[in-house]
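**Student:** sequence below, structure please.
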Amino acid sequence: MTRILGISGSLRAGSFNTALLRAAQEVASGDITLELATLHGIPLYDGDAESRDGEPEAVAALKRQVLASDGVLLCTPEYNNGVPGVFKNAIDWLSRTSPVGDIPSVFGGRPFALMGASPGGFGTILSQAHWLPVLKTLGVRLWSGEKLLVSRAGQAFDGDGRLVDARVREQLAAFLAGFAAYALR
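**Tutor:** Model prediction:
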């Protein structure tokens, strides 16, 4: 059984990226478990607050989920041609919390993959590109075997957030299976 943790970089209830992760749960084969994580409750990173108060519970919970996974799937929106601030903030917290400098245990060599959905015509290609130097710095083992960029997401999902585009559903299933295989290597 391959345990994948999917993290949506959006806080919005009607997020296409959260919907894409839910669709990934639906298409996951029997030997893949896809757990979803939330960024809700993670405060803005503040080194003074970290020193004074320690690790916030929302950060500790996300860290536990990452550590229990065989691989992490970042489902990134694209805001103003880049990485959403709340998403980067969560990753920054995970790299900073006690014990001091958890980069090796949380990120070091852990399989990561990127995908995303956007209402625009280019998917999340720029946001995914912006993640590359961050993930390299953290020392993850980035899977680059496939790309999943869902453009014009308003047409791929119905009003209830269900993935209705059969082509995207097939791509998603192949993407998830490829990443799961990579995570087990």
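**Student:** in this structure, where is pLDDT below threshold?
**Tutor:** Low-confidence segments of the chain (pLDDT under 70): 97-101.
**Student:** correct me, but Arg152 touches Ala117?
**Tutor:** No - look at Arg152 against Ala117 with CB atoms under 8 Å: they stay out of range, at 9.3 Å. C-beta here means a position set from N, CA and C on the backbone, and glycine is covered the same way.
**Student:** in the helix ranked longest in the chain, which residues are buried?
**Tutor:** In the chain, assigned by DSSP state H, the helix with the most residues is helix 166-184. Residues 168-169, 171-173, 175-177, 179-180, 182-183 are the ones in helix 166-184 that count as buried (16 or more other CB atoms under 10 Å).
**Student:** over to stretch 136-148?
**Tutor:** So, applying 16+ other CB under 10 Å, buried residues of stretch 136-148: 138, 140-143, 148.
**Student:** and for Leu114, the neighbour number?
**Tutor:** By the criterion of other CB atoms under 10 Å, Leu114 has 23 neighbours.
**Student:** tell me which stretches of this structure form strands.
**Tutor:** For the chain, the strands defined by DSSP state E cover 2-8, 32-37, 71-75, 111-117, 141-142, 149-150.
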